[in-house]
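Visitor: what's the 3D shape of this:
(one chain, ligands or ions: 2)
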Amino acid sequence: MATGIKNGRTSQILQFAHDIDAVAERYAVAITPLMQELIDAERSDGPISKQFVPDARELDSAHGELADPVGDGPHAPVPGIVHRYPDRVLLMPTKICAAYCRFCFRRETVGQQGEALLPARELAAALQYIREHEEIWEVILSGGDPLVLSPRRLDKILTELREIAHVRVVRVHTRVPLVAPEKITRELTEVLRKAAPLFVVLHANHADEFAPQGQAACARLVDAGIPMLGQSVLLRGVNDNAAALEALLRRQVENRIKPYYLHHADRANGTAHFRTGLAQGRALTAGLRGRVSGICQPAYVLDIPGGHGKSPVGPDYVRERSDGVDVRDVNGCWHAYE
Ligand SMILES: *Cc1c(COP(=O)(O)O)cnc(C)c1O
Ligand code: SF4
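Guide: Ligands and ions are numbered 1, 2, ... in the order given. Next up, the predicted model:
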């Protein structure tokens, strides 16, 4: 009988290894040493493990899932650019990330075959596109994770952007400060600082991601005068309860990071096990309003499938009446406002 149990366990482990191979064949897999440390320290299905350890369910495709859930494709005038709103563009200089999120909305391109860096000729064409479109006020470096680039390469891109008169603001979307804080060197920080006004938007989904090293990396950026915003994805089993969400938002503000967006999880292939219902997200965010400081409140947004952009989908506080409006308070009671 003892042998039976042992064999059962071995075949389970073999099945697990087989599943991981199958997932890794289809999607990029990487976990940084620091995230591995956090995974080793938490329970086996803890919030960091869930985000980074491959799962056989990624091979399933659920109804409504898409290869390009946010509709980047229809808005890509040249490689490396997504131009959906008049005054801002995404510029994607790399397809690489330090660690790959199992729920990544760009998982069919990020970390996939092909060039890790946007080839020099295409980067030049992307910068030329920005130069030729004077309505572009803001450039958002995204990807991939722009902070995996060497400081020298990043400096070149930021210097070229700074020379375009109509580009007034730069934003960098990244997970690096928490997943690979050793990359936030003095040199990199200086490159970002001198590109001011530049905002770093940190992707973080659980309070436990803020290891001491990660918090120190964020402090280096903020101490250098770089403003930081936070963006998170609402993820089933990771942060879809009031306590976890509240802890995440407070942890961001404690690190001088203003929560900006809470994204409803996009319908990327093989990510159904991460998605919550929209009604659940609305109830969760409604509950935050009274309990958590105003500076901790993110906007709950949905990127409408098909490339229609992001819309706030949080709770409603106003309802129209014939002779005025009703306004809802944090306890859910409505009050007439004439
Ligand atoms: C999310 C996104 C932006 C940024 O939107 P904000 O609401 O300004 O944060 C810009 N362009 C594209 C294509 C996007 O997907
Ligand atoms: S950091 Fe962003 S782009 Fe990279 S794997 Fe995670 S969700 Fe995808």
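Visitor: where do the strands sit along the stretch 1-150 of the chain?
Guide: Ranges of strands within the stretch 1-150 of the chain are 81-85, 88-91, 138-141, based on DSSP state E, counting those that start in this stretch.
Visitor: Serialize those to TSV and add fields for mean neighbour count and distance to H263.
Guide: The way it works is simple: take the backbone N, C-alpha and C, and place the C-beta from them, glycine included. Putting the strands of the stretch 1-150 of the chain into TSV (neighbours: other C-beta atoms under 10 Å; distance: least, C-beta to C-beta, whole Å) gives the following:
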stretch	mean neighbour count	distance to H263
strand 81-85	19	15
strand 88-91	22	15
strand 138-141	21	15
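Visitor: Kindly reformat these as TSV containing distance to P305 and mean pLDDT.
Guide: Putting these into TSV (distance: least, C-beta to C-beta, whole Å; pLDDT from 0 to 100) gives the following:
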stretch	distance to P305	mean pLDDT
strand 81-85	13	97
strand 88-91	17	98
strand 138-141	20	98
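Visitor: Out of those strands, the one nearest ligand 1 is which?
Guide: strand 81-85 (3.8 Å; C-beta to the nearest ligand atom).
Visitor: ok, the closest one: who's next to it in the sheet?
Guide: Within its sheet, strand 81-85 is paired with strand 88-91 (antiparallel), according to DSSP bridges.
Visitor: Using CSV, write out every CA atom in the strand it pairs with.
Guide: Taking Å, rounded to 0.1, in the frame of the first residue of the first chain, the C-alpha atoms of strand 88-91 are listed here in CSV:
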residue,chain,number,x,y,z
ARG,A,88,-1.2,59.2,-26.5
VAL,A,89,0.5,56.2,-27.9
LEU,A,90,2.0,53.0,-26.6
LEU,A,91,5.6,52.4,-27.7
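Visitor: ok, is that strand in contact with ligand 2 or not?
Guide: No. Strand 88-91 lies apart from ligand 2 when judged by C-beta under 6 Å from any ligand atom; the minimum separation is 11.2 Å.
Visitor: how much space is there between G73 and ligand 1?
Guide: Remark: distance between G73 and ligand 1 (C-beta to the nearest ligand atom, to the nearest Å) = 11 Å.
Visitor: Would you mind naming what in the stretch 1-150 of the chain lies close to ligand 1?
Guide: Residues of the stretch 1-150 of the chain lying near ligand 1 (C-beta under 6 Å from any ligand atom): 70, 82, 84-85, 88, 90, 140.
Visitor: Looking at the residues you listed, spot the one nearest F105.
Guide: V70 (5.8 Å; C-beta to C-beta).
Visitor: Report how many residues lie close to that closest one.
Guide: The number of residues packed near V70 is 23, by other C-beta atoms under 10 Å.
Visitor: Spatially nearest residue to it, not counting backbone neighbours?
Guide: D303 (4.4 Å; C-beta to C-beta, 6 or more residues apart in numbering).
Visitor: who does the helix or strand hosting that neighbour touch, helix- and strand-wise?
Guide: Assessed by DSSP states H and E, D303 sits inside strand 299-304. Of the remaining helices and strands, those touching strand 299-304 by 3 or more C-beta pairs under 8 Å, 6 or more residues apart in numbering; DSSP states H and E are strand 257-264, helix 278-291, strand 309-312.
Visitor: so what pLDDT did the closest residue in space to C101 that isn't next to it in sequence get?
Guide: In this structure, C101 finds its nearest non-sequential neighbour in Q51, 5.7 Å apart by C-beta to C-beta, 6+ apart. Q51 carries a pLDDT value of 98.
Visitor: how much space between Q51 and ligand 1?
Guide: Going from Q51 to ligand 1 by C-beta to the nearest ligand atom gives 20 Å.
Visitor: re the thing from before, okay if I get the strands of the stretch 1-150 of the chain as CSV plus distance to V222?
Guide: Below are the strands of the stretch 1-150 of the chain laid out as CSV (distance: least, C-beta to C-beta, whole Å):
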stretch, distance to V222
strand 81-85, 27
strand 88-91, 23
strand 138-141, 18
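Visitor: and the residue nearest to I96 when sequence neighbours are not counted, what does it touch?
Guide: Closest residue to I96 apart from its sequence neighbours, by C-beta to C-beta, 6+ apart: A116 at 4.8 Å. For A116, the contact set (C-beta atoms under 8 Å, 6 or more residues apart in numbering) comprises 94-96.
Visitor: ok, of the residues you listed, which come out buried?
Guide: 94-96 (16 or more other C-beta atoms under 10 Å).
Visitor: Looking at these, spot the one nearest E25.
Guide: E25 lies nearest to K95 out of the buried ones among the contacts of A116, by C-beta to C-beta, at 17.4 Å.
Visitor: Can you report phi and psi for that closest one?
Guide: Backbone torsions for K95, taken as degrees, to the nearest 10, come to phi -100, psi 0.
Visitor: now it, nearest residue through space, not along the chain?
Guide: Nearest one to K95, counting by C-beta to C-beta, 6+ apart, is G144 at 4.6 Å.
Visitor: shouldn't the one you found be in contact with T94?
Guide: Yes. Assessed by C-beta atoms under 8 Å, G144 is found in contact with T94 at 4.0 Å.
Visitor: which residues are in contact with both of these two?
Guide: Counting by C-beta under 8 Å, 6+ apart, G144 and T94 have no shared contacts at all.
Visitor: Thanks a lot, see you next time.
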